[in-house]
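>>> starting from these lines, generate the structure:
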Amino acid sequence: MSGTAKTRAGFGSTLGPGHGLGVACGLAAGVWLGAAEAPTKLVNSGLSPYAISLCMVAGVFTARWTVPTLLKGTRYVFADLAENKHLIPTAILAGMLWAVANTLTVFAIRDVGLTIAFPLWNTNSLVGILWGRVLFGELKGASTRNVVKVVLGALAIVAAAVMLGFSTIHGGGQGVGPHAGHALSGILAAAGASLLWGTMYIPYRKAYISGMNPLSFVTIFTVGELATVFALVLALDGGTKAAIFHSAETKHLLFWLFLGGFAWVIGDLFQQFATKYLGIGRAIPLSNTNQLWGLAWGALVFGELAHADAAHRLLVVSGSVAMILGALAVSTAIATEREHASTNDALRRECVRYRLDYDRVLRNYCGSGHRDRADQDEGRGWWDYAILAAAAGVFVYLGFYARAPELSMNLAWVWVLAALLVATAVIAGWGLWKATRFS
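Residues are numbered from 1 along each chain as shown. Take a look at the predicted model:
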């Protein structure tokens with residue numbers, strides 16, 4: 001049997017390098033995405049939400065060009081983009097959606113706190129499940145067991161969001177968020193982020209069933225991000241006179257926001273690979289375990305539950321547990337052969353629509369396309385090292401001016417959670433390298 005025939009025959013029984021690797025990527029994404037939101041607590045230091053978002057996205061921009069360069073080199077990235085030119089506008093659009101959603105999360109954190117905001121915008125899993133089913137045939141042909149898992153998991157996520165929203169509105173001024181009196185606006189901001197982040201997965205999935213590498217996708221993705229947050233600052237935060245462009249008082253905060261953006265990229269890359277190998281409906285709930293890590297940073301490091309009464313703590317804990325269980329129920333619905341066949345149909349439709357080589361796209365989708373790329377062994381150009389050096393220089397420069405933010409933090413928990421970040425990145429990254437060479 002030829003290699004192509006084997007690939008076609010095996011498609012129905014496995015999705016990429018395996019469900020386990022996709023799950024590992026989704027869990028690692030949750031850890032890093034949870035940590036990345038912690039620096040947005042700096043909104044309490046006087047920066048506007050628009051400025052916070054701009055600074056984070058600047059860090060994101062730096063990371064999205066640096067990490068792919070480090071892992072694969074620009075020769076690989078641009079060769080992949082040249083093969084998938086039709087997806088470049090799609091990636092830019094996805095970046096624009098992300099930027100607006102990220103800005104909304106800063107408003108949400110300001111008004112209801114990190115502990116509450118996380119589970120509210122994690123209802124994006126419902127949006128993602130809907131789009132995955134309607135546009136890409138996910139769950140088509142699924143077993144009754146899998147359908148039940150997805151439905152019950154989605155209902156648990158909704159119930160958890162209602163519980164957590166209720167705890168902020170009826171806090172009597174003593175809720176867990178720093179500005180409980182603005183609970184409604186915070187909830188609406190989190191809901192808007194949920195809608196945009198759920199919709200953002202459409203370009204993700206479209207790119208990967210067309211054979212694009214996640215590293216290439218995020219490199220262009222960031223163009224839409226940076227352009228959008230600049231536009232938001234210019235239109236809604238004072239234009240060229242915005243404080244972020246002129247105030248020397250903000251310089252000491254930039255390092256932490258860049259660091260948050262960089263951490264977000266690590267999490268998002270794992271999330272991208274999870275989406276590629278698990279699909280939208282499973283990857284979003286799995287990465288939404290960032291609720292657990294958002295709760296850990298908010299409660300353990302920043303003490304957001306310190307002044308909450310027993311009833312509100314119970315609501316927060318119960319809602320968080322319900323959301324995590326709902327996400328796990330959805331993510332453990334392992335795709336059957338009939339579901340894989342539906343995914344293959346979606347892949348073929350993309351190949352017909354854009355006149356793509358089905359065999360090449362299938363190999364790239366399954367993570368084995370790196371064996372076909374002649375430019376894998378071409379090495380890196382001097383400009384790759386220049387990009388890495390420039391990124392390191394930015395962080396060194398900002399770190400020189402950085403000082404600890406004037407926020408109450410438990411440093412012991414900071415070190416514990418930071419160690420968990422490193423461990424998950426090493427484990428999931430090693431798995432991706434061994435199985436796919438980050439393809």
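>>> any idea how far the residue lying closest to Leu155 once chain neighbours are set aside lies from Val233?
Excluding the flanking residues, the one nearest Leu155 by CB to CB, 6 or more residues apart in numbering is Gly326, at 7.2 Å. For the C-beta atoms, the positions are set from N, CA and C on the backbone; glycine is no exception. The gap separating Gly326 from Val233 is 36 Å, by CB to CB, to the nearest Å.
>>> the two: who's more crowded?
Legend: neighbour count by other CB atoms under 10 Å for Gly326 and Val233, higher for Gly326 (28 against 22).
>>> next SSE after the helix or strand encompassing that one?
Using DSSP states H and E, Gly326 sits in helix 310-331. Toward the C-terminal end, the helix or strand that comes next after helix 310-331 (DSSP H and E) is helix 337-354.
>>> my read is that Leu71 contacts Thr436, right?
No: using CB atoms under 8 Å, Leu71 is not in contact with Thr436; the gap is 11.2 Å.
>>> who's more crowded, these two?
With neighbours defined as other CB under 10 Å, Leu71 and Thr436 compare such that Thr436 has more, 21 against 17.
>>> the spatially most central residue of the chain and Val60: what is the separation?
Closest to where the C-alpha atoms of the chain average out (CA atoms, centre = their mean) is Asp268, at 3.6 Å. Taking CB to CB as the measure, Asp268 and Val60 are separated by 8 Å.
>>> OK, contacts around the residue nearest to the centre of the chain?
Neighbour list for Asp268: 29, 33, 218 [criterion: CB atoms under 8 Å, 6 or more residues apart in numbering].
>>> closest one of those residues to Val150?
Minimum distance to Val150 across those is 19.2 Å, recorded for Ala29 (CB to CB).
>>> okay, now Ser408: neighbour count?
Neighbour tally, Ser408, other CB under 10 Å: 9.
>>> okay, the angle between the longest helix anywhere in the chain and helix 310-331?
Taking DSSP state H as the criterion, the chain has its longest helix at helix 251-278. On the basis of axes from the mean of the first three to the mean of the last three CA atoms, to 10 degrees, helix 251-278 is oriented at 40 degrees to helix 310-331.
>>> so which bits of the helix or strand where Ala423 lies are buried?
Ala423 belongs to helix 411-436 when elements are defined using DSSP H and E. For helix 411-436, burial by neighbour count (16 or more other CB atoms under 10 Å) applies to 413, 417, 420-421, 424-425, 428-429, 431-432, 435-436.
>>> so what secondary structure elements neighbour that helix?
When contacts are defined as 3 or more CB pairs under 8 Å, 6 or more residues apart in numbering; DSSP states H and E, helix 411-436 packs onto helix 19-36, helix 251-278, helix 290-296.
>>> picking up where we left off before, so how far is the longest helix of the chain off the chain centroid?
In this view, helix 251-278 has its centroid 7 Å away from the chain centroid, taken as CA atoms, centre = their mean, to the nearest Å.
>>> same deal with stretch 139-152?
Put simply, stretch 139-152 sits 24 Å off its chain's centre (CA atoms, centre = their mean).
>>> contacts for that stretch, please.
With CB under 8 Å, 6+ apart as the criterion, stretch 139-152 contacts 129, 132-133, 281, 326, 329-330, 332-336, 338-339, 341-342.
>>> which pair of the residues you listed spans the longest distance?
Gly326 and Ala341 (27.2 Å).
>>> helices of the stretch 51-200 of the chain, start to end?
For the stretch 51-200 of the chain, helices defined by DSSP state H, counting those that start in this stretch occupy the ranges 74-83, 88-112, 114-121, 124-136, 144-169, 183-199.
>>> counting by contacts, list what the host helix or strand of Leu388 packs against.
Here Leu388, judged by DSSP H and E, is contained in helix 382-401. In terms of contacts (3+ CB pairs under 8 Å, 6+ apart), helix 382-401 is packed against helix 49-71, helix 74-83, helix 251-278.
>>> those: which one's closest to Ala154?
Closest to Ala154 of the helices and strands packed on helix 382-401, according to CB to CB: helix 251-278, at 16.0 Å.
>>> got a list of contacts for the helix or strand following the closest one?
For helix 251-278, the following helix or strand on the C-terminal side (DSSP H and E) is helix 280-287. For helix 280-287, the external contacting residues (CB under 8 Å, 6+ apart) are 22-23, 26-27, 29-30, 33, 124-125, 128-129, 131-133, 136, 138-139, 150, 153, 157, 198, 201-202, 204-205, 267, 270-271, 274-275, 278, 326-328, 330-331, 333, 335.
>>> in ChimeraX, select just the buried ones from these.
Of the contacts of helix 280-287, the buried ones go into a single ChimeraX selection, burial set by 16+ other CB under 10 Å:
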select :22,23,26,27,29,30,33,124,125,128,129,131,132,133,136,138,139,150,153,157,198,201,202,204,205,267,270,271,274,275,278,326,327,328,330,331,333,335
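>>> below-threshold pLDDT in the stretch 51-200 of the chain: ranges please.
Filtered on pLDDT under 70, the stretch 51-200 of the chain yields the residue ranges 114-115, 162, 164-182.
>>> would you turn the contacts of Asp268 into CSV with distance to Arg355 and pLDDT?
Listed next are the contacts of Asp268 as CSV, based on distance: CB to CB, whole Å; pLDDT from 0 to 100:
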residue, distance to Arg355, pLDDT
Ala29, 33, 92
Leu33, 36, 88
Val218, 25, 84
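>>> between the residues you listed, which sits nearest Ser53?
Of all the contacts of Asp268, Ser53 sits closest to Leu33, with 15.5 Å by CB to CB.
>>> next, the angle helix 280-287 makes with the helix holding Gly326.
Going by the same axes, to 10 degrees, helix 310-331 makes 140 degrees with helix 280-287.
>>> now do the buried residues in helix 310-331.
Neighbour counts over helix 310-331 (16+ other CB under 10 Å) mark 312, 315-316, 319-320, 322-324, 326-331 as buried.
>>> Phe255: what's it in contact with?
Phe255 makes contact with 395, 398-399, 401-402, according to CB under 8 Å, 6+ apart.
>>> how close does it sit to Gly261?
Going from Phe255 to Gly261 by CB to CB gives 11 Å.
>>> same check, this time on Phe395
Phe395 sits 11 Å away from Gly261 when distances are taken as CB to CB.
>>> the two: which has the busier surroundings?
The residue with more neighbours, out of Phe395 and Gly261, is Gly261; 26 against 17, by other CB under 10 Å.
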